[in-house]
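[1] The following comprises the amino acid sequence and a computationally predicted model.
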Amino acid sequence: MAVSRAILGGLLIAACSAKKQPAPAVAKKQEIHVAESDAKTKLARLELADAQDAYVRWLSMADDAACPDTMAPLVAQMARADGNDPWGHPIVLVCGPKAPDLGKDGVYLLSLGADGQRDTADDLRSYETTK
């Protein structure tokens with residue numbers, strides 16, 4: 001009986017000290033989350049390019065070429081007509097003298113990314129859409 005307890009105790013210690021691997025369902029869920037995040041990032045880049053093109057079209061048709069305060073005037077020119085990024089945050093539009101020098105066509109567009117916060121690592125900018 002003493003030998004059996006020693007063997008069982010050793011097995012128990014070995015089992016407890018083994019590195020735990022995520023359960024298959026958890027690992028699969030993590031893979032899906034990463035794939036979904038990558039897909040949303042790619043979609044956001046496409047939407048920024050679409051918004052860039054919409055701005056150029058809007059500018060050519062606008063009576064007053066003043067920079068719009070929101071995406072609203074551009075939405076009709078966009079393929080995805082709501083002016084939000086894939087995470088549901090409004091696309092930020094800056095044009096005219098307020099636009100950074102890096103802005104193409106005098107416009108700078110920004111997706112706030114998954115966290116919805118400006119100036120964080122997951123932000124996507126129109127002048128970086130090819131990355």
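    Right, received. Where do you want to start?

[2] Rounded mean pLDDT for stretch 36-55, please.
    If you average the pLDDT over stretch 36-55, you get 90.

[3] Can you pull out the low-pLDDT segments for this protein?
    Where the chain drops to pLDDT under 70, the residues are 1-35, 65, 101-105, 129-131.

[4] Need phi/psi at the closest residue to Arg80 other than its chain neighbours.
    Spatial nearest neighbour of Arg80, chain neighbours left out: Glu47 (5.9 Å); criterion: CB to CB, 6 or more residues apart in numbering. The way it works is simple: take the backbone N, C-alpha and C, and place the C-beta from them, glycine included. Phi and psi for Glu47, reported as degrees, to the nearest 10, are phi -70, psi -40.

[5] list the contacts for Glu47?
    Applying CB atoms under 8 Å, 6 or more residues apart in numbering to Glu47 gives the contacts Met78, Arg80, Asp85, Pro86, Ile91, Ser111.

[6] Doesn't the second one belong to a helix?
    Translated: Arg80. No - counting by DSSP: H, G, I helix; E, B strand; the rest coil, Arg80 is not found in a helix; it is coil.

[7] tally of neighbours for the nearest residue to Ala66 once chain neighbours are set aside?
    Spatial nearest neighbour of Ala66, excluding adjacent residues (CB to CB, 6+ apart): Gly96 at 7.3 Å. A count of nearby residues for Gly96, using other CB atoms under 10 Å, gives 13.

[8] residues contacting Gly96?
    Gly96 neighbours (CB under 8 Å, 6+ apart): Ala66, Cys67, Gly106.

[9] circling back to that earlier point, among the contacts of Glu47, the buried ones, what's the ChimeraX command?
    Buried residues among the contacts of Glu47 (16 or more other CB atoms under 10 Å), as a ChimeraX selection:
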select :78,85,86,91,111
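
[10] Same list (the contacts of Glu47) but as CSV, adding distance to Thr41.
    What follows is these, written out as CSV (distance: CB to CB, whole Å):
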residue, distance to Thr41
Met78, 18
Arg80, 15
Asp85, 10
Pro86, 8
Ile91, 14
Ser111, 9
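
[11] This completes my enquiry, with thanks.
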